[in-house]
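# Quick one, fold the following:
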Amino acid sequence: MLIEELMIKDVITLSPENSVKDALTVMRDRKIRHLPILSADGTVVGIVTDRNLKDVVPPSISVLKDSSPYETPLAEVMTRNPITGHPMDFVEEAAVIFYDNKIGCLPIISNNKLVGIITETDLLYKYIELTGAHQPGSQIEVKVPNTPGILFEVSKVFHEQKSNVLSVLVYPDKENDANKILVIRINSMNPLKVIQGLKDSGFDVLWPNVPGIHI
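The predicted structure follows:
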């Protein structure tokens, strides 16, 4: 999936000359936590987040002696030269950027102009959607050899059981590099037949596989 399929295109922005009060008002009214800051020619020169503002504005108005913090220009509080992405980048690449740099948003630039933005919340929602975690179903974890064609062999069991697979995730086996862990979500609330089929085919079902527990 490309970033352009996920990004928010109607981006709310401010300028470096806008004040902290302006940013607080926009964030409150639009229910957002990140604001790209654009120069007069439309170039992204910074990012203001709710964290930036918390560093400037006291947590309680009772401790505020004057209004000067609210009048502070965003140029003084914004994060300059933010990391950016391109609409044709892959979402997976963006996720790595978020993870490596511990950032909360990524302005999307094309031809030196802001065309969108994605946030960590956008990525989380997309992950939930892609994995089918928001749909009724069951999760099965299977340990398999890390060999070519093994996913096809596992899929035969689901085909035989006429079970619809919602998603498949592959994780490394921390105890043995020769194995992989398949995390498979199916659209059935009762996966007993599928689990039995996997075991009959010689696969090691890790979850659910608790003696005495009936699913």
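
# What ranges does this protein have for its helices?
Here the chain has its helices, by DSSP state H, at 20-30, 50-54, 68-71, 91-101, 120-131, 150-160, 192-200.

# in this protein, which residue is closest to the centre?
Ranked by distance to the mean C-alpha position of the chain (Cα atoms, centre = their mean), the top residue is Leu123 at 2.3 Å.

# Check the nearest residue to that one once chain neighbours are set aside and give its pLDDT.
Nearest non-adjacent residue to Leu123, counting by Cβ to Cβ, 6 or more residues apart in numbering: Ala95, 5.7 Å away. The way it works is simple: take the backbone N, C-alpha and C, and place the C-beta from them, glycine included. pLDDT, Ala95: 92.

# Am I right that Ala95 is in contact with Leu124?
No. Here Ala95 does not reach Leu124: they are 10.0 Å apart, not a contact under Cβ atoms under 8 Å.

# Can you pick out the residue with more neighbours from these two?
For Ala95 versus Leu124, the count of surrounding residues by other Cβ atoms under 10 Å is larger for Ala95: 17 against 11.

# isn't Ile97 right up against Ile83?
Yes. If you go by Cβ under 8 Å, Ile97 and Ile83 touch, sitting 6.3 Å apart.

# tell me the contacts of Tyr127?
Residues near Tyr127 by Cβ atoms under 8 Å, 6 or more residues apart in numbering: Ala133.

# same thing but at 10 Å, please
Tyr127 sits next to 91, 95, 133, 169 when contact means Cβ atoms under 10 Å, 6 or more residues apart in numbering.

# cool, Val77 as well?
For Val77, the contacting residues are 16, 19-20, 23, 37, 46, 48-49, 52-53, 55-57, 69, by Cβ under 10 Å, 6+ apart.

# quick revisit: which residues do Ile97 and Ile83 both contact?
Shared contacts of Ile97 and Ile83 (Cβ under 10 Å, 6+ apart): 103, 106.

# Met78 is nearest to which of the helices of the chain?
For Met78, the closest of the helices of the chain is helix 50-54, at 6.5 Å, according to Cβ to Cβ.
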